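Asker: Fold the following.
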Amino acid sequence: LAAGGSFYILILIAGLDLKWKITRSGSRIPWEVAKMLRRPETSKTPELITDRIIPTIAWMRSHFPLSLERIFCASFLASSSLKETLDCTDLSLTDSVLDRVKQKCVVMFS
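Answerer: Numbers count the residues shown, from 1 in each chain. Coordinates of the predicted model:
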């Protein structure tokens, strides 16, 4: 989901206590939600994203600056020309970092 918006979406999910609902929804649902966050106009409810979620994340970014230190291995940092600290308020930077991280979408059959 962070790849769809920012690391702040993870904080929003935790704050709304949605972790278990998302975990139980299957691996494809978070991937689909991430796609909608990146392109709200493809959603059935773009207003929810553009009028509620994006402004909430913007408010969180301005009030709670977040940085992640030393979470990536040295080879990833070197190949991506990154510093040891990732400034999560820089959405362009975090977006480019998350684009470089290999993501896996697995569909589980029950």
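Asker: which parts of stretch 42-49 are buried?
Answerer: Ser43, Ile49 (16 or more other C-beta atoms under 10 Å). Backbone N, C-alpha and C define where each C-beta goes, glycine included.
Asker: for it, how far is the first residue from the last?
Answerer: In stretch 42-49, first residue to last residue: 11 Å (C-alpha to C-alpha, to the nearest Å).
Asker: now do stretch 62-70
Answerer: Across stretch 62-70, first to last residue, C-alpha to C-alpha, it's 23 Å.
Asker: 52 is where my numbering starts, stick with that
Answerer: Happy to do that; since the first residue is 52 now, the last one works out to stretch 113-121.
Asker: pLDDT on that stretch, on average?
Answerer: Average pLDDT, stretch 113-121: 88.
Asker: Equivalent analysis for stretch 69-88, please.
Answerer: Mean pLDDT, computed over stretch 69-88, is 79.
Asker: Just the endpoints, please. Distance across it?
Answerer: Per C-alpha to C-alpha, stretch 69-88 runs 16 Å from first to last residue.
Asker: tell me which residues of it are tucked away?
Answerer: Gly77, Pro81, Trp82, Val84, Ala85, Met87, Leu88.
Asker: Closest one to Tyr59 out of the residues you listed, please.
Answerer: Leu88 (10.9 Å; C-beta to C-beta).
Asker: want to try CSV for the buried residues of stretch 69-88, with secondary structure and distance to Arg103 as columns?
Answerer: Formatted as CSV, these follow (DSSP: H, G, I helix; E, B strand; the rest coil; distance: C-beta to C-beta, whole Å):
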residue, secondary structure, distance to Arg103
Gly77, coil, 24
Pro81, helix, 18
Trp82, helix, 21
Val84, helix, 14
Ala85, helix, 17
Met87, helix, 13
Leu88, helix, 12
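Asker: any chance of these in TSV, with distance to Ala129 too?
Answerer: As requested, these are exported to TSV (distance: C-beta to C-beta, whole Å):
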residue	distance to Ala129
Gly77	35
Pro81	29
Trp82	28
Val84	32
Ala85	27
Met87	33
Leu88	29
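Asker: just so I have it, where are all the strands in the protein?
Answerer: Ranges of strands within the chain are 118-120, 136-138, based on DSSP state E.
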